[in-house]
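# Okay, here's the prediction I keep looking at, along with the sequence it came from:
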Amino acid sequence: MPKQIIANPSDYQLEKGVLQPVGRRLFLRYAGMTAATSALLLAGCDKDDDNKMTGVNLGSGDIGILNYAYALEQLEAAFYIQVIQSKYAGMTTAEEQILTDIRDHEVAHRDFFKAALGSNAIPGLEVDFSSIKFNDRASVLNAAKTFEDLGVSAYNGAGKLLVSADYLLLAGKIVSVEARHAAAIRSLLNPKSADFAGDDVVTAGNGLDVQRMPMEVLSAAKTYVKTQINADQLPTQ
């Protein structure tokens, strides 16, 4: 599997609940306030501290959490791009449409974070999907299940770490889409079961989804990311 570096942003806006491509000027105007706020939040950080760290430093505060989300979206976008480029044997038209729609959502999420973070965004990550057999349906869908479940739990865990109410609202809008992806993938794997909201992701008794903190999520994702990620400055509570 050749090395992949995913860092080519397109332009998107939220329209009727779906991220749609728009002109570059309109998108930058849409993302401008977020990017400006991000710059102000980062202004107080000590650049010397950044230079002492190894790997790609996510940063601190809300900027760090946004970069954390951006890293996960880079991973998911890269995966689904590869899925559609190398379709597994026997992929049905319906399956291709679902996986293509998910790819488009993940690319839109990735590109939104990159534009919103501006100069504070981490670089494109180098991914490693050598453990996934892209010509095999079960391998692809089980990997997709892993990525989607991990993504949902990551947003659930990171939400409480955000200070900005605007960023929390954004995270809520994205995690709801990620949860739809997770349910769709689980339904493809087990179409006649209730696995779309299985006990492994929804806690029995209270009906709440699983949450994972950044260090746990990044450790789980390490198998698929060759770039070293430094999350030491992320908030923990």
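That came in fine, so what should we check first? Treat the numbers as computed from the prediction; the structure is a model and nothing was measured. Numbers count the residues shown, from 1 in each chain.
# how about the helices in the chain?
For the chain, applying DSSP state H gives helices covering 24-42, 47-51, 61-85, 93-117, 137-158, 165-189, 214-221.
# Turn those into JSON lines, columns for mean neighbour count and distance to Ala231.
The C-beta positions use only the backbone N, C-alpha and C, and glycine is treated the same way. As requested, those are exported to JSON lines (neighbours: other C-beta atoms under 10 Å; distance: least, C-beta to C-beta, whole Å):
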{"stretch": "helix 24-42", "mean neighbour count": "15", "distance to Ala231": "16"}
{"stretch": "helix 47-51", "mean neighbour count": "9", "distance to Ala231": "13"}
{"stretch": "helix 61-85", "mean neighbour count": "23", "distance to Ala231": "7"}
{"stretch": "helix 93-117", "mean neighbour count": "20", "distance to Ala231": "16"}
{"stretch": "helix 137-158", "mean neighbour count": "21", "distance to Ala231": "11"}
{"stretch": "helix 165-189", "mean neighbour count": "18", "distance to Ala231": "17"}
{"stretch": "helix 214-221", "mean neighbour count": "18", "distance to Ala231": "6"}
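# Make CSV out of these and add distance to Asn206 and mean pLDDT.
Shown next, in CSV, are the helices of the chain (distance: least, C-beta to C-beta, whole Å; pLDDT from 0 to 100):
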stretch, distance to Asn206, mean pLDDT
helix 24-42, 33, 41
helix 47-51, 40, 44
helix 61-85, 25, 98
helix 93-117, 28, 97
helix 137-158, 13, 96
helix 165-189, 16, 94
helix 214-221, 20, 96
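# Adding distance to Asn230, write those helices out as TSV.
Output for these, formatted as TSV (distance: least, C-beta to C-beta, whole Å):
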stretch	distance to Asn230
helix 24-42	16
helix 47-51	9
helix 61-85	10
helix 93-117	16
helix 137-158	17
helix 165-189	21
helix 214-221	10
